[in-house]
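Trainee: All I have is the shape, not the residue letters:
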């Protein structure tokens, strides 16, 4: 594993596009967080600063970070697409790597990138939380959302990896990824009944970081419905579609990720390089 | 002799095209083994299969007497198949670092191979800035990394200038003299003739001939002769079964005989039949003529 890590690091750290996209990801995330932190609507009973206080920020920050997962998926598509266009996967096998090693190398890259984005959200979250939260007792309360976000970035990148291994073309894979995420899967989903929709791959992955309950978080009071529900819940108001329970969503995404990795392994093993 | 590579009934078809068909071949330790064939004869496909990048339809091959090659067998094999494949944005050193990591070779070996291939001055240049010849040299450098026991080279002189070709030839000869095994695919026959001890000739994926280069060039012997009555001499040589084929070239006659017939035998035969030969020259057969005869 160390050998594979060293090999991948030589490739990544000298690749300008990798550094540019990662820098862009960092800049865009930091900018959105900074700009939204400047919005200060504070009236009695309602305060937007709650998004930057523990524990609510662990719901808000991963949601913002998930907007930029596309860049991370593009990154893995680019670095893997290079291996096909430069025929270096072929050369690696000639030089002594096994075909499963090729996949292991790319999985290491996926984990490295996911770890980077995890740490980015964690560090940014702690900084903003410490600034805006009176008291620090609840720093790690609700931080499990961040691990769910980690799973989400891994899952997105695995979908990107599958596409580029199947298509062997960076440009085509990026286009396919975008089409799959925006018009294609939503259109296909629309032909199914509401109950089946959250089970689609892209939907289940994006559902891991649902839209935060803005009204509930901003509000300093709880408003209950007659049946005991949250009167300020966007999903209960029908503004945001209700998703699956989180545990089911996690199981679903882990299952899809495993399936896609199995497919990548199969394709890499069977195909001529 | 230790068998380095053993190929049995290897077959790879692309639709109706027989890239490789029932190929059998053995390479032993210390041989400089040339694989000859016109374009599309299956040389690269064969090498790609034995290096594990293309799957064969049927047949087997084994490296070092082991069907799986044994653990880490590729560390003992340096290969250049088709064109060099490197990362264009990486420097020469970084490209070689990746291969050194894969082969688990100490990084200080990179300096050695860069010096051998005369690329040391450009070690920090990016690969994309190299000329075709330099790219080929870098590929040779990657082959030499870790001082492998076996070298597999597919058209290693592609894109090289005459000086580069001579350098590659020197490297191959040098490695062969050290007792290394070299498998060299090429369609440059003079190249193969100069460096190879053994040869296999392929055509349309099938093996036409294999063996030692000198044995392949041996066999029939050719002579260019001339005599005042060339017509009668030709008739006598054919009738006596000495000349297997004859070919008139101006006033001269080129005949091919069994390998056991010498120039003095021919001179004696002419003298015994009251003829004096005004010209008697052995014609050296080249690998090229032999190859062209085989693939005709």
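Mentor: Now that the structure is in, tell me what you want to look at. All of these numbers come straight from a predicted model, not from anything done at the bench.
Trainee: Could you list the low-pLDDT ranges of the stretch 151-296 of chain B?
Mentor: B:217-219, B:259, B:284-285 (pLDDT under 70).
Trainee: what about the residue nearest to residue A:55 when sequence neighbours are not counted, neighbour count?
Mentor: Excluding the flanking residues, the one nearest residue A:55 by CB to CB, 6 or more residues apart in numbering or on different chains is residue A:142, at 3.6 Å. Just so you know, the C-beta spots here come from the backbone N, C-alpha and C atoms, and that holds for glycine as well. For residue A:142, the tally of surrounding residues (other CB atoms under 10 Å in any protein chain shown) stands at 14.
Trainee: Residue A:142 contacts residue A:58, doesn't it?
Mentor: Yes: taking CB atoms under 8 Å as the definition, residue A:142 is a contact partner of residue A:58 at 4.3 Å.
Trainee: Now the stretch 101-250 of chain A against chain B: closest residue?
Mentor: Residue nearest to chain B within the stretch 101-250 of chain A: residue A:101 (8.7 Å; CB to the nearest CB).
Trainee: For chain A, just list every one of the helices.
Mentor: Assigned by DSSP state H, the helices in chain A fall at A:2-13, A:16-38, A:57-67, A:69-85, A:88-95, A:99-132, A:144-167, A:170-179, A:185-190, A:201-206, A:214-218, A:246-270.
Trainee: Now name the helix or strand holding the closest residue to chain A within the stretch 101-250 of chain B.
Mentor: At 4.6 Å from chain A, residue B:102 is the closest residue in the stretch 101-250 of chain B, using CB to the nearest CB. Residue B:102 is part of helix B:92-103 when elements are defined by DSSP states H and E.
Trainee: touching chain A at all, the helix or strand just after that helix?
Mentor: Downstream of helix B:92-103, the next assigned helix or strand under DSSP H and E is helix B:109-116. No: judged by CB under 8 Å from any CB of the partner chain, helix B:109-116 and chain A are separated, with a smallest distance of 12.3 Å.
Trainee: Can you name every helix or strand that helix B:109-116 contacts?
Mentor: helix B:92-103, helix B:132-144 (3 or more CB pairs under 8 Å, 6 or more residues apart in numbering or on different chains; DSSP states H and E).
Trainee: How far away from the center of its chain is the longest one?
Mentor: Which is helix B:132-144. 19 Å (CA atoms, centre = their mean, to the nearest Å).
Trainee: export the helices of chain A to JSON lines and tack on mean neighbour count?
Mentor: Listed next are the helices of chain A as JSON lines, based on neighbours: other CB atoms under 10 Å in any protein chain shown:
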{"stretch": "helix A:2-13", "mean neighbour count": "16"}
{"stretch": "helix A:16-38", "mean neighbour count": "14"}
{"stretch": "helix A:57-67", "mean neighbour count": "22"}
{"stretch": "helix A:69-85", "mean neighbour count": "22"}
{"stretch": "helix A:88-95", "mean neighbour count": "24"}
{"stretch": "helix A:99-132", "mean neighbour count": "18"}
{"stretch": "helix A:144-167", "mean neighbour count": "22"}
{"stretch": "helix A:170-179", "mean neighbour count": "17"}
{"stretch": "helix A:185-190", "mean neighbour count": "13"}
{"stretch": "helix A:201-206", "mean neighbour count": "22"}
{"stretch": "helix A:214-218", "mean neighbour count": "18"}
{"stretch": "helix A:246-270", "mean neighbour count": "16"}
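Trainee: and stretch A:54-69, average pLDDT?
Mentor: What stretch A:54-69 shows for mean pLDDT is 93.
Trainee: what about that stretch, distance to the chain center?
Mentor: Distance of stretch A:54-69 from the chain centroid (CA atoms, centre = their mean) equals 10 Å.
Trainee: Same question for stretch B:289-296.
Mentor: 15 Å.
Trainee: Same check on stretch B:94-102?
Mentor: 28 Å.
Trainee: Now do the buried residues in the longest helix anywhere in chain B.
Mentor: Of all the segments assigned as helix in chain B under DSSP H, the longest by residue count is helix B:162-177. Neighbour counts over helix B:162-177 (16 or more other CB atoms under 10 Å in any protein chain shown) mark B:164-165, B:167-169, B:171-172, B:175-176 as buried.
Trainee: could you check whether stretch B:11-21 is close to chain A?
Mentor: No: in terms of CB under 8 Å from any CB, no part of stretch B:11-21 sits within range of chain A; the closest distance is 9.4 Å.
Trainee: now that stretch: mean pLDDT?
Mentor: Mean per-residue pLDDT for stretch B:11-21: 92.
Trainee: mind checking the end-to-end distance for it?
Mentor: Chord length of stretch B:11-21, first to last residue, is 4 Å (CA to CA, to the nearest Å).
Trainee: do the same with stretch B:275-288
Mentor: 34 Å.
Trainee: And stretch A:178-189, by the same measure?
Mentor: Start-to-end span of stretch A:178-189 (CA to CA) is 16 Å.
Trainee: Please enumerate residues in contact with that stretch?
Mentor: If you take CB atoms under 8 Å, 6 or more residues apart in numbering or on different chains as the criterion, stretch A:178-189 is touched by A:70, A:159, A:163, A:196-197, A:200-203, A:206.
Trainee: Could you export the residues you listed as JSON lines, including distance to residue B:119?
Mentor: Shown next, in JSON lines, are these (distance: CB to CB, whole Å):
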{"residue": "A:70", "distance to residue B:119": "40"}
{"residue": "A:159", "distance to residue B:119": "41"}
{"residue": "A:163", "distance to residue B:119": "37"}
{"residue": "A:196", "distance to residue B:119": "60"}
{"residue": "A:197", "distance to residue B:119": "58"}
{"residue": "A:200", "distance to residue B:119": "52"}
{"residue": "A:201", "distance to residue B:119": "47"}
{"residue": "A:202", "distance to residue B:119": "47"}
{"residue": "A:203", "distance to residue B:119": "52"}
{"residue": "A:206", "distance to residue B:119": "49"}
